[in-house]
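Need a 3D model of the following:
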Amino acid sequence: MPLTRREREVLALIVDGMTNQQIADQLFISPRTLDTHRTNIMQKLDIHDLANLVRYAIEHGTSGSGGRNAAQEAVMRYGGMWVESSTSLQ
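Numbering: from 1, shown residues only. Model (predicted):
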C-alpha cells in the first residue's frame, strides 16, 4: 500500500532529524497524531525500527532536505546504528 502525501511528509521530516515535537509543531498536529502517522508508515513498509526507516527513505529518494548527514544524525539520536549498504530493503 503506498504512503499518503502526509506520511511522505512525515517521513521526510524524520529523515531531516527533527524531533517528534518539532515535526508535530511544523505540521500543526499533536504528537499523538504524529505517532500514528509513523506507526502507519512503518506498518505499510514492514519496517520495525527507525534506523531501517531512515535507510529506506534515503534509498528510495524520500529523504528530507538535509540528506544523508541529517539522516545519520536522526538514526544516532534515536539510538540506532548507521550502516552503509548498497542493497535495498524489501
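
For Ile14, which three-state class applies?
helix (DSSP: H, G, I helix; E, B strand; the rest coil).

Run a quick neighbour tally on it.
27 (other Cβ atoms under 10 Å). Just so you know, the C-beta spots here come from the backbone N, C-alpha and C atoms, and that holds for glycine as well.

Would you check that it makes contact with Arg38?
Yes: the criterion here is Cβ atoms under 8 Å, and Ile14 meets it with Arg38 at 7.1 Å.

pLDDT of the longest helix that the chain contains, averaged?
Determined from DSSP state H, the single longest helix within the chain is helix 31-45. What helix 31-45 shows for mean pLDDT is 96.

Send over it as CSV, restricted to the C-alpha atoms.
Provided in CSV are the C-alpha atoms of helix 31-45 (Å, rounded to 0.1, in the frame of the first residue of the first chain):
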residue,chain,number,x,y,z
PRO,A,31,2.5,14.4,19.0
ARG,A,32,0.0,11.5,19.3
THR,A,33,-1.2,12.1,15.7
LEU,A,34,2.5,12.1,14.6
ASP,A,35,3.0,8.8,16.4
THR,A,36,0.0,7.3,14.5
HIS,A,37,1.5,8.5,11.1
ARG,A,38,4.9,7.0,12.0
THR,A,39,3.2,3.7,13.0
ASN,A,40,1.2,3.6,9.8
ILE,A,41,4.4,4.3,7.7
MET,A,42,6.3,1.5,9.4
GLN,A,43,3.4,-1.0,9.1
LYS,A,44,2.9,-0.2,5.4
LEU,A,45,6.7,-0.6,4.7
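
Check which helices and strands whichever helix or strand comes after it sits against.
Proceeding C-terminally, helix 31-45 gives way to helix 50-59 as the next helix or strand, assigned by DSSP states H and E. Packing contacts for helix 50-59, counted by 3 or more Cβ pairs under 8 Å, 6 or more residues apart in numbering; DSSP states H and E, involve helix 5-15, helix 31-45, helix 67-77.

Show me what the longest one is in contact with.
Contacts of helix 31-45 from elsewhere in the structure, counted by Cβ atoms under 8 Å, 6 or more residues apart in numbering, are 1-3, 6-7, 10-11, 14, 20-21, 23-24, 27, 29, 47-48, 53, 56, 89.
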